[in-house]
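>>> this is a predicted model, with the sequence first.
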Amino acid sequence: MKIVTQDYGCGTSSSILDYGIEDVVLVSPNNFEHVFDIEDDLFFVGHDFLFFLWDTQTKIDRWQQHKHRKAVWCFERINAIVPQWKAKSEYSISLLKQFIDQIYVCDEDDANIYGDWLPQWASRNFYDMRKDVTVTKRKALFSGQAGKPEYSIRTKLLNDIFLDNTLKNEFEITNFSRDLTWSDYCSNFLSYESVLNPVGILRGFNTRTYEVLYAGRNLLQQTVGKYDRHEALLAECSNVILFENITELKHKLQNQDLGAGNPDLFFEKNNLYARFKSIGVQIK
């Protein structure tokens with residue numbers, strides 16, 4: 001099976017490219033014709049970001065004539081917060097259903113509606129580099145995107161934390177947009193003992209969850225309600241605090257002892273190879 005993706009220069013594509021596997025096909029809106037000629041099963045990473053591969057009837061016809069099995073993994077939420085995103089997502093799914101054999105989703109709510117659940121994973125950099133970058137900062141890091149309408153829950157939590165006299169000195173924001181190189185992001189991330197991962201646009205664990213646990217750092221993971229599927233992935237992780245709001249975060253920080261992480265075990269069970277093995281696919 002060939003994995004079809006774009007190079008986004010950040011977590012999602014790095015979660016594939018950083019493994020150095022052979023079975024990857026890179027495409028872009030200006031360079032994709034080669035993908036139609038592949039004589040193999042295909043696994044599309046993204047129902048929305050790869051929309052240019054099936055956005056016309058001619059392309060759909062070509063996919064219908066493709067003899068091999070085709071699957072798509074929706075690593076972004078289909079039932080999106082932003083109405084325009086939701087409309088595009090649902091339209092893309094309607095086109096995919098004309099030729100796709102299997103739809104996988106990683107969002108808790110999407111899994112009840114659109115397809116089979118396949119959780120995310122992360123770049124192996126955080127596992128490989130974890131011992132080479134010394135933890136020098138004891139505050140909890142936030143490094144990611146915030147401040148946009150789609151990140152309203154995340155932005156509120158960050159505001160609440162830094163307005164709270166008992167918490168503000170325990171946390172640090174190094175960036176709230178993608179203005180670090182991937183290498184700088186990884187090194188900065190690994191220099192912190194703990195990482196705050198507020199809710200973004202996904203109801204589930206995003207790549208940052210796995211980055212933290214691959215590295216054996218402490219994870220402060222915000223959730224929205226109970227994650228029936230995802231929470232089992234953390235059953236053996238004693239270095240995790242799950243919380244919904246600042247009140248619960250404060251209580252757990254004061255009353256829950258964090259244990260040592262087990263990055264070897266977590267990486268073994270939640271890396272790229274394990275994810276594909278879980279759907280019956282061997283990659284090289």
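It's in. Predicted model, so just to flag it, every value in this text is computed and none were measured. Numbering: from 1, shown residues only.
>>> can you give me the helices for the stretch 51-200 of the chain?
According to DSSP state H, counting those that start in this stretch, the stretch 51-200 of the chain carries its helices in the segments 57-65, 83-96, 125-128, 152-162, 182-190.
>>> any idea how far the residue lying closest to residue 26 once chain neighbours are set aside is from residue 275?
Of all residues not flanking residue 26 in the chain, residue 7 sits nearest, at 5.7 Å (CB to CB, 6 or more residues apart in numbering). Using the backbone N, CA and C atoms, a C-beta is placed for each residue, glycine as well. According to CB to CB, to the nearest Å, residue 7 and residue 275 sit 19 Å apart.
>>> how about the worst-scoring helix or strand of the chain on mean pLDDT: buried residues?
Least confident element among the helices and strands of the chain, by mean pLDDT, DSSP states H and E: helix 11-17 (a mean of 88). Neighbour-count burial for helix 11-17 flags 11-17 (criterion: 16 or more other CB atoms under 10 Å).
>>> likewise for stretch 218-235?
For stretch 218-235, burial by neighbour count (16+ other CB under 10 Å) applies to 218-223, 227, 229-230, 233-234.
>>> off-centre distance for stretch 202-218?
Counting by CA atoms, centre = their mean, to the nearest Å, stretch 202-218 is centred 8 Å from the centre of its parent chain.
>>> quick one: end-to-end distance for that stretch.
21 Å (CA to CA, to the nearest Å).
>>> swap in stretch 140-156?
Taking CA to CA, stretch 140-156 runs 17 Å from one end to the other.
>>> check stretch 124-133 too.
End-to-end distance of stretch 124-133 (CA to CA): 14 Å.
>>> which other residues reach that stretch?
Stretch 124-133 is contacted by residues 14, 18-19, 186-187, 189-191, 210-212, 214-216, 263, 267, 271-272 when judged by CB atoms under 8 Å, 6 or more residues apart in numbering.
>>> can you select the buried ones from those in ChimeraX?
Only the buried entries of the contacts of stretch 124-133 go into this ChimeraX selection, using 16+ other CB under 10 Å:
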select :14,18,19,186,189,190,210,211,212,214,215,216,263,267,271,272
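>>> return the distance of residue 82 relative to residue 48.
In terms of CB to CB, residue 82 sits 11 Å off from residue 48.
>>> what do you get for residue 7?
Residue 7 is 16 Å from residue 48, by CB to CB.
>>> neighbour count: these two, which is higher?
It is residue 48, of residue 7 and residue 48, that has more neighbours when counted by other CB atoms under 10 Å, with 17 against 14.
>>> who touches that one in this structure?
Taking CB under 8 Å, 6+ apart, one finds 74, 76, 85, 88-89, 92 in contact with residue 48.
>>> now, which of the residues you listed sits nearest residue 205?
For these, the residue nearest residue 205 by CB to CB is residue 76; the value is 13.6 Å.
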